[in-house]
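1. After the sequence you'll find the predicted model.
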Amino acid sequence: MSNLNDNSADAAADVHVSFDGPVATVEIRRPPHNFFSIPLIQHLADAFEDLEADRRCHSIVLAAQGTAFCAGADFSNRDATPPQRSPRGINPLYLEALRLFSCRKPVVAAVHGAAVGGGLGLALVADFRVTCTQARFSANFNRLGFHPGFGLSVTLPRLVGPQQAALLFYTARRISGDEAVAIGLADVLVAQDQVRAEATKLAREIATSAPLAVQSTRDTLRQGLVEQIRAAVARESEAQNAQFKTTDFREGVAAMTARREPQFKGE
């Protein structure tokens, strides 16, 4: 079971970096679900920062082993419940996420399976997402009894528009890779066993362009994004810190663990 504060050394082993010419692949190795932790996201951010400083790297593929791309936090494990912080304390996980968003190299995510909750947030760090019919995308936070996080209150409406983002947030519905491509949440749909190869192909195509030109163009297109996400994670954390203490949060987690419909009371 994953713990949001698990051993840092173990988390470092869960992140692997390899090169194929100018394309670097950063792989999460925590199968089958790739539940994340603060140290895991920290080591992902470390890898991104190292690659930003590495002139060999022109583009990045973000991929994962196992059946899921990233199933977010493992709330079925009681040890994974986020620690209590002050009402205005920013979730340390989201501070690490900010480091990922600050990377200037273009990123292609290979989403071959579920990208759920914070795992969806992680997929949206990337510039592009390659996926398959079998993948599932879900911003399931409200169904668990708390506010969305990982900067999704900015990144999701930026991709699919405010109306579609509200629908995904409020209902917590799970959508397939086909629907994700149809609404603009993902960009390329291929067979499941071709997801990583196609992501690498796209990253390689990007890498054939002049890297300084790509990075400066990306900076222009994403101008102000990191600042927006920084403000968003402060707001997200404030709401979550209050809602993690509610009866509805406990009910949401219990219902998910028991695979039943939650019975929320608004308290």
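-> Okay, I see it.

2. in this protein, which ranges drop under the pLDDT threshold?
-> Flagging of the chain using pLDDT under 70 yields the residue ranges 1-10, 77-88.

3. longest helix anywhere in it?
-> Using DSSP state H to define each element, the chain has its longest helix at helix 225-243.

4. Now it: buried residues?
-> Buried residues in helix 225-243, defined by neighbour count with 16 or more other C-beta atoms under 10 Å: 225-226, 228-230, 232-233, 236-241, 243. Backbone N, C-alpha and C define where each C-beta goes, glycine included.

5. Report all helices and strands that that helix contacts.
-> Applying 3 or more C-beta pairs under 8 Å, 6 or more residues apart in numbering; DSSP states H and E, one finds that helix 225-243 contacts helix 92-101, helix 152-160.

6. Direction included, what does the very next helix or strand once past the longest one pair up with?
-> Just to be clear, that refers to helix 92-101. Moving toward the C-terminus from helix 92-101, the next helix or strand (DSSP states H and E) is strand 107-111. When sheet partners are counted by DSSP bridges, strand 107-111 sits next to strand 59-64 (parallel), strand 128-131 (parallel).

7. Pull out the buried positions in the longest one.
-> Neighbour counts over strand 59-64 (16+ other C-beta under 10 Å) mark 59, 60, 61, 62, 63, 64 as buried.

8. wouldn't the fourth one be in contact with residue 26 here?
-> Right, residue 62. Yes - in this structure, residue 62 is within contact of residue 26 by C-beta atoms under 8 Å, at 5.4 Å.

9. May I see the strands paired with strand 107-111 organised as JSON lines, with distance to residue 182 added?
-> Formatted as JSON lines, those follow (distance: least, C-beta to C-beta, whole Å):
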{"stretch": "strand 59-64", "distance to residue 182": "22"}
{"stretch": "strand 128-131", "distance to residue 182": "11"}
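
10. Among the ones you listed, which comes closest to residue 110?
-> strand 59-64 (4.1 Å; C-beta to C-beta).

11. now that closest one and helix 92-101, what's the angle there?
-> Using axes from the mean of the first three to the mean of the last three C-alpha atoms, to 10 degrees, the direction of strand 59-64 lies 150 degrees away from that of helix 92-101.

12. starting at the chain centroid, how far to strand 59-64?
-> 12 Å (C-alpha atoms, centre = their mean, to the nearest Å).

13. Next one: the residue lying closest to residue 91 once chain neighbours are set aside from residue 264, what distance?
-> Nearest non-adjacent residue to residue 91, counting by C-beta to C-beta, 6 or more residues apart in numbering: residue 237, 4.4 Å away. Counting by C-beta to C-beta, to the nearest Å, the separation of residue 237 from residue 264 is 22 Å.

14. Also residue 38?
-> 28 Å.

15. ditto for residue 144
-> From residue 144 to residue 264 the distance is 10 Å (C-beta to C-beta).

16. With residue 55 instead?
-> For residue 55, the distance to residue 264 - C-beta to C-beta - is 52 Å.

17. before we move on, the earlier item: give me the more crowded residue out of residue 38 and residue 264.
-> More neighbours surround residue 38 than the other of residue 38 and residue 264, with 22 against 16 (other C-beta atoms under 10 Å).

18. Which residue ranges of the stretch 151-267 of the chain form helices?
-> With helices called from DSSP state H, counting those that start in this stretch, the stretch 151-267 of the chain shows them at 152-160, 162-171, 177-182, 195-207, 211-221, 225-243, 247-258.

19. so which of those helices gets nearest residue 18?
-> Of all the helices of the stretch 151-267 of the chain, helix 195-207 comes closest under C-beta to C-beta, at 10.6 Å.
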